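Participant: attaching a predicted model along with its sequence, questions to come.
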Amino acid sequence: MGNIKWDKKGLLFTPDTEKWWMKTHTAAPTVINLKDNKFRIFFCGRDIKNRSQIGFFDVTVNNEVLHIDNVCEDPILENGKLGCFDDNGVTPSCAVKYEDKIYLYYIGWNPGSTTRMNIFGGLATANSFESKFERYSMAPIIERSKINPYINTSPFVLYDKVWRMYYVAGIEWVHKDLPRYNIQYCESNNGLDWCREGKVSIDFENENEVALARPWVIKDNDLYRMWYCKKSLDTEYELGYAESFDGITWNRKDDLAGVDAGSLGWDSEMVAYPSVFKFGDKYFMLYNGNGYGMSGIGYAVGIESPLL
């Protein structure tokens, strides 16, 4: 298959400060198909206490343009109960339609003590796009374990004959404010219970690289494509890219990520949290720019170029 050439289209969606749960940020765009050329984009806004809640807006694809059709009035998932892993924020990670349910995998935030934060992966489900999401469990679905004793978060789940999960796993805390984490892989027979064995999908390029985050995978015919964030000690988030023929063993090809920071404006400092879907012969990437989503959600359109 050929490489994808991307054309940045600019900002699509910014915070609606009239909404109590969206005073700042529209972070972590997470796309799922509604029907035909209509898609739902989950995201999180932050309230006046800097806590994130999950909402959505809907778009219609018209050639290379995304038209916003609808924005939810209230969040579809709020913070968990006091003392739970997600009592200080929830952030969407991926959404999967399976049989008669929608699975919304998410990140739960909790303040740390000896470290800045605790973040783990959770799950909420709904019976339809019009139904309310309910937590599958008040506890995370990926928690600390012998294999993963630090943070375990940002689950991206793909149902592909088996349930595949690509998730962010901490390997150490460099200091109180700096975790170091890569992207690991596990499987499940039901999308709920996961067998983690420490299989690394995307590992650090060098000792200076500290963060490999928010994996997003699409199966493109016989090729698995993954976009993710990467950061070193001296850089902000930028995009990485990898390919696989079995969904397990990956080859990093970061030079083909395709979307870089702009020379000025809303995404001039960073590019983060990619969410990619294909419609027709075009690829669409939603992503955040400066401030981890403070500047809004933008998008780019990609066309596959033939191999020479």
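Facilitator: That came in fine, so what should we check first?
Participant: send me stretch 131-145 as CSV with only the CA atoms.
Facilitator: Provided in CSV are the C-alpha atoms of stretch 131-145 (Å, rounded to 0.1, in the frame of the first residue of the first chain):
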residue,chain,number,x,y,z
SER,A,131,-28.9,6.1,25.3
LYS,A,132,-27.1,7.2,28.4
PHE,A,133,-23.7,5.8,29.0
GLU,A,134,-23.3,3.7,32.2
ARG,A,135,-20.0,2.6,33.8
TYR,A,136,-19.3,-1.0,33.3
SER,A,137,-17.4,-0.9,36.6
MET,A,138,-16.5,1.7,39.1
ALA,A,139,-13.0,0.2,39.0
PRO,A,140,-10.6,0.4,36.0
ILE,A,141,-10.5,-2.4,33.5
ILE,A,142,-6.7,-1.9,33.3
GLU,A,143,-5.3,-1.4,36.8
ARG,A,144,-1.8,-1.9,38.3
SER,A,145,-0.5,-5.5,38.0
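Participant: okay, buried residues for it please.
Facilitator: Using 16 or more other C-beta atoms under 10 Å as the test for burial, stretch 131-145 gives Phe133, Arg135, Tyr136, Pro140, Ile141, Ile142. To be clear about C-beta, it is placed using only N, CA and C from the backbone, and glycine gets the same treatment.
Participant: do the same with stretch 14-27
Facilitator: For stretch 14-27, the neighbour count (16+ other C-beta under 10 Å) marks Pro15, Lys19, Trp21, Met22, Lys23, Thr24, His25, Thr26, Ala27 as buried.
Participant: give me the contact list for that stretch.
Facilitator: Stretch 14-27 has contacts (C-beta atoms under 8 Å, 6 or more residues apart in numbering) with 13, 43-48, 50, 52-53, 55, 71, 73-75, 78, 91, 273, 288, 291-297.
Participant: which other residues reach stretch 91-99?
Facilitator: In contact with stretch 91-99 (C-beta under 8 Å, 6+ apart) are residues 27-28, 30-33, 40, 42-44, 52, 54, 102-107, 109, 121, 153-159, 191, 214, 216.
Participant: rerun at 6 Å
Facilitator: Residues from elsewhere that reach stretch 91-99 (C-beta atoms under 6 Å, 6 or more residues apart in numbering): 28, 30, 32, 42, 44, 52, 54, 103-107, 154-157, 159.
Participant: in strands only, show me these.
Facilitator: When strands are assigned by DSSP state E, the members of the contacts of stretch 91-99 inside them are 28, 30, 32, 42, 44, 52, 54, 103-107, 154-157, 159.
Participant: in the stretch 201-308 of the chain, which ranges drop under the pLDDT threshold?
Facilitator: 307-308 (pLDDT under 70).
Participant: let's see 90
Facilitator: 305-308 (pLDDT under 90).
Participant: picking that back up, report the buried members of the contacts of stretch 91-99.
Facilitator: 28, 30, 32, 42, 44, 52, 54, 103-107, 154-157.
Participant: stretch 270-286: end-to-end distance?
Facilitator: End-to-end distance of stretch 270-286 (C-alpha to C-alpha, to the nearest Å): 14 Å.
Participant: quick one: buried residues of that stretch?
Facilitator: 270-277, 282-286.
Participant: just the residues you listed now: which is nearest Glu64?
Facilitator: Distances from Glu64 to the buried residues of stretch 270-286, taken as C-beta to C-beta, are shortest for Lys282 (6.6 Å).
Participant: distance of the closest one relative to Asn3?
Facilitator: 14 Å (C-beta to C-beta, to the nearest Å).
Participant: strands - which of the contacts of stretch 14-27 land there?
Facilitator: 13, 43-46, 52-53, 55, 71, 91, 273, 288, 297.
Participant: tell me the most packed of these, by neighbour count.
Facilitator: Using other C-beta atoms under 10 Å as the neighbour test, these are led by Ser52, with 31 neighbours.
Participant: pretty sure that one sits against Asp86.
Facilitator: No - Ser52 lies out of contact with Asp86 (C-beta atoms under 6 Å); the separation is 9.7 Å.
Participant: show me what counts as buried in the longest strand along the chain.
Facilitator: For the chain, the strand with the greatest residue count under DSSP E is strand 162-175. The neighbour-count check on strand 162-175 (16+ other C-beta under 10 Å) flags Trp163, Arg164, Met165, Tyr166, Tyr167, Val168, Ala169, Gly170, Ile171, Trp173 as buried.
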